[in-house]
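A.B. asks: Here you go, sequence then predicted model.
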Amino acid sequence: MKKLIQGVHSFQTDYLTTHREMFELLSQGQHPRILFITCSDSRIDPNLITQAEPGEMFIIRNAGNIIPPYGATNGGEGAAVEYAIRALGIKDIVVCGHSHCGAMKGLLKLGKLAEEMPIVYEWLKHAEATRQTILDNYQNLEGEKLLQVTIEENILTQLENLRTYPIIRSRLHNGQLQLHGWIYHIETGEILEHDPVRGQYVPPQTQFSRASWLTPQQQERIYKGSAASYTSEIK
Ligand SMILES: [Zn+2]
């Protein structure tokens with residue numbers, strides 16, 4: 001805890017004072033362009049791995065980057081998805097899984113979890129389609145390779161779960177929303193995106209529909225170092 005409190009102090013005295021204008025702007029409202037869904041794993045830092053600034057991404061985190069299908073639960077995930085799309089007008093959703101995911105390891109030995117961690121067991125049932133796909137198609141794999149495939153398949157399962165939400169289906173139908181499946185490799189920092197045409201994970205080349213809520217000049221002034229990549233993306 002001591003280190004955490006020191007961090008808070010350092011944030012307030014160093015970072016905040018040099019980014020005052022950005023925080024004043026953020027206090028007037030949020031206009032994120034991305035809904036980023038990832039695992040609770042402490043090794044994942046969404047803003048670090050995407051170099052996004054505060055206010056750019058609306059984030060849902062839980063064990064296994066899972067979105068229960070529409071109507072399956074009254075948990076916070078559905079509410080956050082609905083709010084992101086209806087209230088914030090978000091047009092891109094990223095489901096980002098990661099290498100060495102403990103939740104996916106748990107999914108591979110789901111039966112053992114029932115007594116040991118009953119709440120985790122219930123939660124991971126929302127990834128049942130992933131487990132079934134693995135049982136049906138990857139019986140020949142084991143160890144790290146099996147885990148890797150499970151992580152990759154689970155990202156696709158969660159994209160399917162997202163498609164069960166009426167608001168998502170409607171926006172996808174109208175071309176007002178894009179879904180992206182990412183996998184982050186902790187050891188290399190590499191991020192790959194699922195290409196549905198090729199049926200494999202490839203380096204991301206997606207045209208994000210990120211709209212401009214700041215002019216390029218404003219961004220340059222506020223975000224300084226990160227402005228170059230951000231503005232080039234908008235152009
Ligand atoms: Zn994980």
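C.D. replies: Yes, it's here.
A.B. asks: Look up how far H180 lies from the nearest residue to Q176 once chain neighbours are set aside.
C.D. replies: For Q176, ignoring the flanking residues on the chain, the nearest one in space by C-beta to C-beta, 6 or more residues apart in numbering is K91 at 6.2 Å. No exception for glycine: its C-beta is placed from N, CA and C like everyone else's. As judged by C-beta to C-beta, to the nearest Å, K91 and H180 stand 11 Å apart.
A.B. asks: Need phi/psi at H194.
C.D. replies: Main-chain torsions, H194, degrees, to the nearest 10: phi -70, psi 130.
A.B. asks: now swap in A63 and tell me
C.D. replies: phi -70, psi 110.
A.B. asks: What separation do you get for the nearest residue to it once chain neighbours are set aside and G29?
C.D. replies: Leaving aside its chain neighbours, A63 sits nearest to A103 (4.3 Å; criterion: C-beta to C-beta, 6+ apart). A103 is 33 Å from G29, where distance means C-beta to C-beta.
A.B. asks: picking that back up, just give me the neighbour total for the residue nearest to Q176.
C.D. replies: The tally of other residues near K91 (other C-beta atoms under 10 Å) stands at 18.
A.B. asks: ok, now P118?
C.D. replies: Residues lying near P118 (other C-beta under 10 Å) number 10.
A.B. asks: Same question for Q28.
C.D. replies: 7.
A.B. asks: what does R198 give?
C.D. replies: 8.
A.B. asks: three-state assignment of it?
C.D. replies: Secondary structure, DSSP: H, G, I helix; E, B strand; the rest coil: R198 is coil.
A.B. asks: Against the ion, how distant is it?
C.D. replies: 25 Å (C-beta to the ion, to the nearest Å).
A.B. asks: what sits against that residue?
C.D. replies: For R198, no contacting residues are found, by C-beta atoms under 8 Å, 6 or more residues apart in numbering.
A.B. asks: just to revisit the earlier point, the residue nearest to A63 and S170: what is the separation?
C.D. replies: 30 Å.
A.B. asks: Between the two, which has more neighbouring residues?
C.D. replies: Taking other C-beta under 10 Å, A103 and S170 do not tie; A103 has more neighbours (23 against 12).
A.B. asks: so where do the helices sit in the protein?
C.D. replies: Ranges of helices within the chain are 2-10, 16-18, 20-26, 46-50, 76-82, 102-108, 110-116, 118-124, 128-137, 143-163, 166-173, 216-223, 227-234, based on DSSP state H.
A.B. asks: how about those, which one is nearest H194?
C.D. replies: Nearest of the helices of the chain to H194, taken as C-beta to C-beta: helix 143-163 at 6.5 Å.
A.B. asks: Sounds good, over and out.
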